[in-house]
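S.K.: Fold the stuff below for me.
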Amino acid sequence: AGDLAGGPLLDGDATRGAFMTPLLLRARPGATEPHEVEPFGPVSTVLTYDTLDEAVALAARGRGSLVASVVTHDPEVARSVVLGLAPWHGRVLVLDRDDAAESTGHGSPLPVLVHGGPGRAGGGEELGGVRGVLHHMQRTAVQASPDLLTAVTGRWTTGAARIDSDVHPFRKSLAELRIGDTIASPPRTVSLDDIEHFAEFTGDTFYAHTDPEAAARNPLFGGIVAHGYLVVSLAAGLFVDPAPGPVLANFGVDALRFLTPVKAGDAIAVTLTVKQITPRSGAGHGEVRWDAVVTNQEGRAVATYDVLTLVAKTWDENAR
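M.R.: The predicted structure is shown next:
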């Protein structure tokens, strides 16, 4: 369907440009042209298939494409076709009655989307947030000691030296903080009363914290253990300096992992180290990423995570 002659023009000069009306073609069985020739124009080709596997095989014959669209409300069909198309397409748009009204459309490149594909589609991810930037950057692997990696990258690396001083790092402004500044807290014993109070106060009455017999049967714990978030809360109490100061706010925790269960009677301590300092342009504060390691009385790591804070660029202790 369509006019191969181009049809009448509403504007423009047919002798000085290329014009085409929308065309809809139907491929004969076994046709190779739809897979070999890429038309840049309002041209679509209908290829028939009998099974989903045959549809996927037809799409794969293009040897790489930017985008494919799947129109279905059947989750099993969606899963089967998307997984089949994924190796051959940079992006798959799935349309159904729930998202069609808000869809950006087939092939619409947006800053947050990957717009590239394998094989003949370019073998890349030309757009897509930071991915688009990384394509224009060189990546180099640096092999060195933790201290030298810290010096080269400006980001504290596990195993690098820590800087201890008489001044609590939370009393230092962004201008005064240095990568590696550290506070090592005294130990704090976790009691059964602590665990029971936290369970009652928060409503987290998971059996590993409240039922001794059930907790004893747990192959990971073998008895009552402290809540992970109780451990993190107690750790914060161990490293926080409570008075007003350059630390303005805690705005997040990254990569939290619980490694060793804490039982009643265990003593935990925390080591907090300045990992990264990022000033914010045009603001009176910047971001500080702290490496936090919680250990027990045996020196075993209980939890590891990054604490994120906003810290004033300058601070006058006498102006409070």
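S.K.: what's next to stretch 61-80, contact-wise?
M.R.: Identification of contacts with stretch 61-80 by Cβ atoms under 8 Å, 6 or more residues apart in numbering yields 35, 52, 59, 81-82, 85, 88-98, 106-107, 115-123. C-beta here means a position set from N, CA and C on the backbone, and glycine is covered the same way.
S.K.: Hmm, residue 85 is touching residue 93, no?
M.R.: No: Residue 85 lies out of contact with residue 93 (Cβ atoms under 8 Å); the separation is 10.4 Å.
S.K.: Show me just the buried residues among the contacts of stretch 61-80.
M.R.: Of all the contacts of stretch 61-80 considered here, the ones buried according to neighbour count by 16 or more other Cβ atoms under 10 Å are 35, 59, 81-82, 85, 88-95, 115-118, 121.
S.K.: Mind listing the strands the helix or strand where residue 90 lies pairs with, and their directions?
M.R.: Using DSSP states H and E, the element containing residue 90 is strand 89-95. When sheet partners are counted by DSSP bridges, strand 89-95 sits next to strand 65-71 (parallel).
S.K.: For the strand holding residue 90, C-alpha coordinates in PDB please.
M.R.: Output in PDB follows, covering the C-alpha atoms of strand 89-95 (Å, rounded to 0.1, in the frame of the first residue of the first chain):
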ATOM      1  CA  HIS A  89      18.600  -5.700  19.900                       C
ATOM      2  CA  GLY A  90      19.800  -2.800  22.000                       C
ATOM      3  CA  ARG A  91      16.400  -2.100  23.400                       C
ATOM      4  CA  VAL A  92      13.000  -3.900  23.500                       C
ATOM      5  CA  LEU A  93       9.800  -1.900  23.900                       C
ATOM      6  CA  VAL A  94       6.900  -4.000  25.300                       C
ATOM      7  CA  LEU A  95       3.500  -2.500  24.800                       C
END
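S.K.: Tell me the helix or strand right after it.
M.R.: Using DSSP H and E, the first helix or strand after strand 89-95 is helix 130-134.
S.K.: Figure out how far that next one is from the centre of its chain.
M.R.: Here helix 130-134 is found 14 Å from its chain centre; the criterion is Cα atoms, centre = their mean, to the nearest Å.
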